[in-house]
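Based on what follows, work out the 3D shape:
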Amino acid sequence: MEGDELSAPHIFSNKKKEQTEDLLTSREQEIAKWVYENKQRAGATTERFKDAQCLYLAICIEDNVYGVIAIPVDEYTLDSFEYSILLSVINECALAMENKKNIMEKEKISVLAKNEQLRADLLRAISHDLRTPLCSISGNADMLLNSGERLDDITKHQIYTDIYDDSEWLINIVENLLSITRLNDGRLKLKFTDQLLDEVIAESLRHISRKHEEYQIVTECDELILAHMDVRLILQVLINLVDNAIKYTPKGSTIRICAMNENGKAKIQVEDNGPGICDEMKPHIFEMFYTGKNTIADSHRSLGLGLALCRSIIEVHNGKLVLEDNTPHGCIFSFTLPLSEVTLNE
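Below you'll find the predicted structure:
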């Protein structure tokens with residue numbers, strides 16, 4: 001079956017190809033089509049199309065037809081016992097196809113339900129969680145427009161800072177939304193190049209939230225590690241991981257970014273000494289739209305996209321994003337990248 005029509009016939013025979021060509025005539029295929037449409041047997045040994053080369057039987061359960069079987073009939077005719085055995089085999093085939101169809105339909109319904117839930121979660125997240133920064137930007141802009149001349153320079157600077165921070169937060173969310181949607185749809189074009197890890201880490205820190213000045217960010221990178229990556233996506237991973245550490249750790253915390261050559265791969269770790277993640281949250285931490293119970297220092301709620309996006313990006317690099325506990329407290333997010341095949345000479 002191909003859609004709602006019979007596919008091209010397949011012959012299973014111990015005879016040579018030229019000896020079975022008379023079974024593939026347009027006349028024989030028309031009889032097979034009639035059997036499929038009418039769900040009745042026809043052909044040789046029956047009253048309908050008795051001049052056919054084969055006996056044609058529909059593989060069906062009730063009104064669902066899954067195919068037609070053709071049995072060449074020469075001088076030998078099936079007796080009643082053989083015919084009943086044949087019908088039993090055909091019924092078993094039809095039942096197996098029915099079960100496969102039901103499984104595929106259930107999987108399709110499950111995928112549709114999951115996609116619908118994702119859309120509902122996304123709408124809920126956007127309508128609820130993006131409203132806070134948008135309202136803040138609107139309110140601050142209104143204050144500057146209507147009362148700007150009565151505000152002192154320190155207050156104005158704080159308002160400008162708040163508008164900038166809220167805008168940066170929104171831009172980061174939109175970039176994550178676009179990237180994870182394109183990744184899931186297979187529309188994101190990857191561009192792999194060889195990059196020095198210390199340069200990639202340094203570039204990522206130039207895009208980190210301005211709040212990083214209130215934290216101690218330390219980098220430790222082995223020299224001349226050349227990794228194969230889509231540098232735009234890996235920058236997004238590092239930015240998300242460091243921003244995540246900033247969000248969930250108190251001011252003054254230490255955030256450490258380490259890069260090393262381990263077991264023939266480039267390994268990158270982002271560590272913090274914050275409160276860590278409780279055990280009940282760990283199994284869900286990489287799920288899309290999962291935000292957990294942790295409180296973010298700047299009062300913004302996360303859409304729960306950052307870590308899900310990071311995991312998807314690392315997976316397309318044939319790696320895995322892993323969460324571990326730091327000692328004595330905090331988190332370690334680590335992932336691996338393939339090393340470049342190019343050898344660097346120091």
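
Let me see the ranges of the strands in the stretch 151-300 of the chain.
Counting by DSSP state E, counting those that start in this stretch, the stretch 151-300 of the chain forms strands over residues 193-196, 216-221, 226-229, 254-262, 265-272, given from the N-terminal end onward.

So for R27, which of the ones you listed sits nearest?
Using C-beta to C-beta as the measure, strand 226-229 is the one of these that comes nearest R27, at 59.7 Å. From N, CA and C alone the C-beta is placed, and that goes for glycine too.

residues making contact with that closest one?
Residues from elsewhere that reach strand 226-229, judged by C-beta atoms under 8 Å, 6 or more residues apart in numbering: 192-197, 200, 266, 317, 337-342, 344.

Kindly recompute the last result at 6 Å.
Identification of contacts with strand 226-229 by C-beta atoms under 6 Å, 6 or more residues apart in numbering yields 192, 194-197, 266, 337-340, 344.

Looking at these, which has the smallest pLDDT value?
Minimum pLDDT across the contacts of strand 226-229 is recorded for L344, with 56.

ok, how many other residues are close to the closest residue to D272 other than its chain neighbours?
Once flanking residues are discounted, D272 sits nearest to A245: 4.1 Å by C-beta to C-beta, 6 or more residues apart in numbering. Applying other C-beta atoms under 10 Å, we find 26 other residues in the vicinity of A245.

Touching, A245 and I255? I think so.
Yes - with contact taken as C-beta atoms under 6 Å, A245 and I255 are classed as touching, separated by 4.8 Å.

which residues are common contacts for those two?
Taking C-beta under 6 Å, 6+ apart as the contact criterion, the common neighbours of A245 and I255 are D272.

circling back to that earlier point, for Y56, find the nearest of the strands of the stretch 151-300 of the chain.
Y56 lies closest, by C-beta to C-beta, to one member of those: strand 226-229, at 57.2 Å.

now that closest one, how far from the chain's geometric center?
For strand 226-229, the gap between its own C-alpha mean and the chain's C-alpha mean amounts to 23 Å (C-alpha atoms, centre = their mean, to the nearest Å).

Only alpha carbons, please: show it as PDB.
Coordinates of each C-alpha in strand 226-229 appear next as PDB, following Å, rounded to 0.1, in the frame of the first residue of the first chain:
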ATOM      1  CA  LEU A 226      41.800  23.500  18.700                       C
ATOM      2  CA  ALA A 227      38.200  22.200  18.600                       C
ATOM      3  CA  HIS A 228      35.800  21.600  15.700                       C
ATOM      4  CA  MET A 229      32.500  23.500  16.300                       C
END
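
which sections of the chain are below the confidence cut-off?
Counting by pLDDT under 70, the chain has low-confidence residues at 1-4, 13-22, 75, 118-119, 121-129, 184-185, 209-211, 289-305, 342-346.
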